[in-house]
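Visitor: got a predicted structure plus its sequence, pasted below:
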Amino acid sequence: MLVNIKKILEEEGEVRKFGGVAPEGFILVHEKTLESLKEFNTWKMWKHNEITIKELNKTNFDNS
């Protein structure tokens, strides 16, 4: 099986770096991701599976 590192970094970036750091069953969330979930529209999109925590994390890591 061939692993495309470049594709993984483009898709997941900084989020992938923290994989395996949190205990099983937990995820690490960017502080700005938590803050964005306080906004009703963002929370509603997450609640209705229109956006994921992983996507919010990626956006926040890309912007920092």
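Guide: Ah, there it is.
Visitor: number of residues surrounding Asn60?
Guide: 19 (other Cβ atoms under 10 Å). All C-beta atoms are positioned from the backbone trio N, CA, C, and that covers glycine.
Visitor: average model confidence for the host helix or strand of it?
Guide: Per DSSP states H and E, Asn60 falls inside helix 53-63. Taken as a whole, helix 53-63 has a mean pLDDT of 82.
Visitor: give the other helices and strands that it contacts.
Guide: Using 3 or more Cβ pairs under 8 Å, 6 or more residues apart in numbering; DSSP states H and E as the contact test, the elements touching helix 53-63 are helix 14-17, helix 31-36, helix 40-47.
Visitor: that helix vs helix 40-47, what angle?
Guide: Using axes from the mean of the first three to the mean of the last three Cα atoms, to 10 degrees, the direction of helix 53-63 lies 130 degrees away from that of helix 40-47.
Visitor: hang on, Leu56 packs against Glu50?
Guide: No. Applying Cβ atoms under 8 Å as the test, Leu56 and Glu50 come out as separate, 11.2 Å apart.
Visitor: comparing those two, which residue is more hemmed in?
Guide: Using other Cβ under 10 Å as the criterion, Leu56 and Glu50 rank with Leu56 on top: 21 against 10.
Visitor: now do the contacts for the closest residue in space to the more buried one that isn't next to it in sequence.
Guide: Leaving out its chain neighbours, the residue that sits closest to Leu56 by Cβ to Cβ, 6 or more residues apart in numbering is Thr33, at 4.4 Å. Listed by Cβ atoms under 8 Å, 6 or more residues apart in numbering, the contact set of Thr33 reads 53, 56-57, 60.
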